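*Asks:* Compute the structure for the input listed below.
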Amino acid sequence: MNKKEIIINQSKTKRITYAVVFAVVTLIYGIMYRSNLLSRELGLVLVAFCAGLTLYFIYSVYFPKASIVINKDGIKQKAMRGKGPIKWEKISEIYICVIPKKKYDTYFLGIKYRKDENDTRKRLENGSGTAVWRVDT
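*Replies:* Just a heads-up that it's a prediction; the model follows:
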């Protein structure tokens, strides 16, 4: 059986940056707690919360989870937990959306679904040029 997959991971640099930022914040809260600038309960909660996030991001650097997996079954995105992949039979078009910004562009993967025979939604165009789906009841 051929098990070819395309796996796209989140940027390692971004995860390292998050880990460093939360480590610095944990250190600052720790110093504030030791200097009695924070109440005991608030200091402990903030230090524990930021330390936990720091550990999570350090863990994610060494054991990354795929953001998107593309294989023969379809496309599976990290945000779609438990729903399984989007099957190729349900996809009519895949495209890249680009949002231009001053420093860098942001890219999104766009997926256009096929119209199902049992789909009772109707596409309505609103004034701004975007489509709105209405469900008949």
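
*Asks:* Next one: residue 104 from residue 29, what distance?
*Replies:* According to C-beta to C-beta, to the nearest Å, residue 104 stands 32 Å off from residue 29. C-beta here means a position set from N, CA and C on the backbone, and glycine is covered the same way.

*Asks:* Tell me, how many residues neighbour the residue nearest to residue 85 when sequence neighbours are not counted?
*Replies:* Residue nearest to residue 85 in three dimensions, not counting chain neighbours: residue 74, with 3.6 Å by C-beta to C-beta, 6 or more residues apart in numbering. Residue 74 has 16 neighbouring residues, counting by other C-beta atoms under 10 Å.

*Asks:* Could you give the bridge partners of residue 74?
*Replies:* For residue 74, the beta-bridge partners are residue 87 (DSSP bridges).

*Asks:* Please look at it and residue 87 and confirm they touch.
*Replies:* Yes - at 4.5 Å, residue 74 and residue 87 qualify as touching, with contact defined as C-beta atoms under 8 Å.

*Asks:* between residue 104 and residue 29, who's got more neighbours?
*Replies:* Neighbours around residue 104 and residue 29, counted as other C-beta under 10 Å, are more numerous at residue 29. The numbers are 22 against 7.

*Asks:* I'd like the average pLDDT over the one helix or strand that one maps to.
*Replies:* Counting by DSSP states H and E, the element that carries residue 29 is helix 12-34. Helix 12-34 comes out with an average pLDDT of 85.

*Asks:* and that helix, how far from the chain's centre?
*Replies:* Computed by C-alpha atoms, centre = their mean, to the nearest Å, the chain-centroid distance of helix 12-34 equals 21 Å.

*Asks:* Could you point out the helix or strand that follows it?
*Replies:* Per DSSP H and E, the first helix or strand lying C-terminal to helix 12-34 is helix 40-62.
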